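In: coords below, sequence missing:
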């Protein structure tokens, strides 16, 4: 049950976003529970090969995932009611020879990984005007302080209450009280939430926040969250695009987090500020970007895990990459990015990206004695770099329309292997969505 403070938080959020005098456009436009319903299917094939250079086990798995999502419309009236339901399944294609259960793609079964696994979830929902409240075990929030990843065969999900609203033009607001989780490589919907790097767990997560678009060029975001007995985390973002002309623009993106210990402080004393600044220049089909990222604190910047050793997506820092996040204690990092959209050369649907990031000055010599991150504290500064390639093609027409093929390759090299390992990784993803209605 939510504590009185958390209940007040959700009540305040509901009162704020439903108290708008704006017209009830969203619910007023409802055509009905059945009429506005959607049934969507997604199949995803994922091959994952993580070649570690530190003599530990490589991580190699191959699987096929299936997802069926049903989202009803809303009953008509001032208050509309509906349901969301999903079914998930995956099949093991390969994961033997000592690699089974290592990559987080397949579901562990105690002896390696299961040949097949399935789960299901649902949520009831109610809508007033442009405000929606969901309750169930199939929630998939995705924001800077709680982002359940969809980078394996099936997505991570959460159980609880989740409120979203767009009552005010340009403003998207949300709040949640979450009490259980299901990881992307699990069928158990009653797991805890984790601090991914610390490996400690929390029974509940609360967050509130939103984004406001001042104009087509300028937007701001603010979020706050509490992982019970671990931390309180705050996030801010400013994003500005300056259009030079019809084919050229500049974009500036600032992200900042502040994390403080909370309650029992299971991860130890924190007090970490993490921030990044990115500047991008786009001309036609080309985008060039430079980034800088800095961690201020004697612990790493940590974020959401839904199971021990799993890392999800609630790190919106510019240099968070395919293999590492450049988020060590006191670390600074620089990045160079390049992206190409081949639509400008007559091949719509084909995109390519490459990036190189170098991190240095990791210093955990003053890490607190009660910290869950003492494995960082070897007393020496480490340097490391990562280089990523990403190429994707999405079929634009015909019977295979929306079929996508994506290849991601990453190389990471680190000097002293204190906090991570040198490794190479390949991910091959083939995905096909289909909408029944």
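Out: Structure received. All of these numbers come straight from a predicted model, not from anything done at the bench. Numbering: from 1, shown residues only.
In: assumed residue 207 was part of a strand.
Out: Yes - counting by DSSP: H, G, I helix; E, B strand; the rest coil, residue 207 falls inside a strand.
In: the helix or strand that contains residue 173 - contacts with which helices or strands?
Out: Using DSSP states H and E, residue 173 falls within strand 171-182. On a contact count with 3 or more CB pairs under 8 Å, 6 or more residues apart in numbering; DSSP states H and E, strand 171-182 meets helix 4-18, strand 131-139, strand 157-165, strand 205-213. (Glycine included, C-beta is placed from N, CA and C.)
In: next, the buried residues of that strand.
Out: By 16 or more other CB atoms under 10 Å, the buried positions in strand 171-182 come out as 172-182.
In: tell me where the stretch 51-200 of the chain is predicted with low confidence.
Out: Scanning the stretch 51-200 of the chain for pLDDT under 70 picks out 55-56, 96-102.
In: residue 128 touches residue 81, doesn't it?
Out: No - look at residue 128 against residue 81 with CB atoms under 8 Å: they stay out of range, at 10.7 Å.
In: neighbour-wise, which of those two wins?
Out: residue 128 (19 against 15; other CB atoms under 10 Å).
In: now do the contacts for the spatially most central residue of the chain.
Out: By CA atoms, centre = their mean, the chain has its centre lying nearest to residue 313, at 2.5 Å. By CB atoms under 8 Å, 6 or more residues apart in numbering, the residues touching residue 313 are 142, 147-149, 151, 304.
In: and for residue 216, the neighbour number?
Out: Residue 216 is flanked by 8 other residues according to other CB under 10 Å.
In: helix or strand for it, which one?
Out: When elements are assigned from DSSP H and E, residue 216 belongs to no helix and no strand.
In: from residue 249, how far out is it?
Out: 11 Å (CB to CB, to the nearest Å).
In: common neighbours of the two, please.
Out: The contact lists of residue 216 and residue 249 share residue 241, where a contact means CB under 8 Å, 6+ apart.
In: could I get the buried residues of strand 171-182 as TSV with distance to residue 343?
Out: Formatted as TSV, the buried residues of strand 171-182 follow (distance: CB to CB, whole Å):
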residue	distance to residue 343
172	28
173	34
174	33
175	38
176	37
177	43
178	39
179	44
180	43
181	38
182	37
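In: pick the one among these closest to residue 355.
Out: The shortest approach to residue 355 among the buried residues of strand 171-182 belongs to residue 172, at 28.2 Å (CB to CB).
In: ok, the closest one touching residue 210?
Out: Yes - assessed by CB under 8 Å, residue 172 is found in contact with residue 210 at 5.4 Å.
In: give me the common contacts of these two.
Out: Counting by CB under 8 Å, 6+ apart, residue 172 and residue 210 have no shared contacts at all.
In: ok, the next helix or strand after the strand holding residue 173: who's next to it in the sheet?
Out: Downstream of strand 171-182, the first helix or strand assigned by DSSP H and E is strand 193-195. Here strand 193-195 is paired, per DSSP bridges, with strand 201-202 (antiparallel), strand 304-305 (antiparallel).
In: please report how far residue 435 lies from residue 68.
Out: 11 Å.
In: who has more neighbours, these two?
Out: Taking other CB under 10 Å, residue 435 and residue 68 do not tie; residue 68 has more neighbours (16 against 11).
In: so that one is in which element?
Out: Per DSSP H and E: residue 68 is located in strand 59-71.
In: in the following helix or strand past that strand, what counts as buried?
Out: Note on strand 59-71: by DSSP H and E, the next helix or strand toward the C-terminus is strand 79-94. Residues 80, 82-92 are the ones in strand 79-94 that count as buried (16+ other CB under 10 Å).
In: relative to strand 157-165, how tilted is strand 79-94?
Out: Interaxial angle, strand 79-94 versus strand 157-165 (axes from the mean of the first three to the mean of the last three CA atoms, to 10 degrees): 150 degrees.
In: strands paired with strand 79-94, and their directions?
Out: strand 59-71 (antiparallel), strand 116-128 (antiparallel).
In: could you give the angle of the first one to strand 131-139?
Out: Which is strand 59-71. Here the directions of strand 59-71 and strand 131-139 differ by 140 degrees (the same axes, to 10 degrees).
In: the last one too?
Out: Here strand 116-128 runs at 170 degrees with respect to strand 131-139, directions being taken by the same axes, to 10 degrees.
In: give the buried residues for strand 116-128.
Out: By neighbour count on 16+ other CB under 10 Å, the buried set for strand 116-128 is 117, 119, 121, 123, 125-128.
In: residue at max distance from the center of this structure?
Out: The chain, CA atoms, centre = their mean, max distance from centroid: residue 77 (34.9 Å).
In: is residue 195 in a bridge, and if so with what?
Out: The partner residues for residue 195, given DSSP bridges, come to residue 304.
In: residues contacting it?
Out: Contacts for residue 195 (CB under 8 Å, 6+ apart) come out as 201-202, 227, 230-231, 266-267, 302-303, 305, 372.
In: rerun that using 6 Å as the cut-off
Out: 230, 267, 302 (CB atoms under 6 Å, 6 or more residues apart in numbering).
In: let me have those in CSV, adding distance to residue 29 and secondary structure as columns.
Out: Converted to CSV, the contacts of residue 195 look like this (distance: CB to CB, whole Å; DSSP: H, G, I helix; E, B strand; the rest coil):
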residue, distance to residue 29, secondary structure
230, 41, coil
267, 46, coil
302, 42, coil
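In: of those residues, just say which sits nearest to residue 107.
Out: Within those, the smallest distance to residue 107 is 25.1 Å, found for residue 302 (CB to CB).
In: which residues touch the closest one?
Out: So residue 302 contacts 195, 197-198 (CB under 6 Å, 6+ apart).
In: and the next element down the chain from the helix or strand containing residue 409?
Out: Assigned by DSSP H and E, residue 409 belongs to strand 404-414. Per DSSP H and E, the first helix or strand lying C-terminal to strand 404-414 is strand 423-435.
In: tell me the strands beside that next one, with direction?
Out: Here strand 423-435 is paired, per DSSP bridges, with strand 38-52 (antiparallel), strand 404-414 (antiparallel).
In: just the pLDDT for residue 368.
Out: Note on residue 368: pLDDT of 83.
In: where does it sit: helix, strand or coil?
Out: coil.
In: gap between the closest residue to residue 88 other than its chain neighbours and residue 434?
Out: Leaving aside its sequence neighbours, residue 88 sits nearest to residue 154 (CB to CB, 6 or more residues apart in numbering; 4.3 Å). To residue 434, residue 154 is 16 Å away according to CB to CB.
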